[in-house]
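> coordinates only, sequence not included:
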């Protein structure tokens, strides 16, 4: 995960998640430097604004109320 995305994710969980879920459940929060800088109806809108304002790698977004997605992949060369 890129540094901006990781720090934004941590800030979202720690400082913003509760309020965002109470007020904007199901929408998309756009984050930059640990702050929620906008709330959008869909990922495409959040992405478009993020790229325009902050450039690639300068923002991230969170689906408000979505459960984290964890994917487990086997290690290369690891036996079962």
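Cool, the structure landed. Here the structure is a predicted model, which is why all the values come from computation and not from measurement. Residues are numbered from 1 along each chain as shown.

> ok, residue 29 - contacts?
12, 16, 20, 36, 38, 39, 46, 61, 62, 64 (Cβ atoms under 8 Å, 6 or more residues apart in numbering). Placement of C-beta: from N, CA and C, glycine included.

> For those residues, work out which two are farthest apart.
Using Cβ to Cβ, the contacts of residue 29 reach their maximum pairwise distance at 16 and 46, which is 14.3 Å.

> Neighbour count for the two, which is higher?
Ranked by neighbour count (other Cβ atoms under 10 Å), residue 16 and residue 46 place residue 46 first, with 24 against 18.

> which SS state does residue 36 fall under?
Using DSSP: H, G, I helix; E, B strand; the rest coil as the criterion, the local structure at residue 36 reads strand.

> And residue 26, how far from residue 66?
For residue 26, the distance to residue 66 (Cβ to Cβ, to the nearest Å) stands at 9 Å.

> now the helices for this protein?
3-11, 17-24, 43-54 (DSSP state H).

> looking at those helices, which is closest to residue 30?
Of the helices of the chain, nearest to residue 30 by Cβ to Cβ is helix 43-54, at 4.5 Å.

> So for that closest one, what gets flagged as buried?
Buried residues in helix 43-54, defined by neighbour count with 16 or more other Cβ atoms under 10 Å: 45, 46, 47, 49, 50, 54.

> Need these in CSV (columns: distance to residue 5).
Below are the buried residues of helix 43-54 laid out as CSV (distance: Cβ to Cβ, whole Å):
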residue, distance to residue 5
45, 18
46, 13
47, 13
49, 16
50, 11
54, 12
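
> Among those residues, which pair sits farthest apart?
Pairwise distances across these peak at 14.5 Å for 45 and 54 (criterion: Cβ to Cβ).
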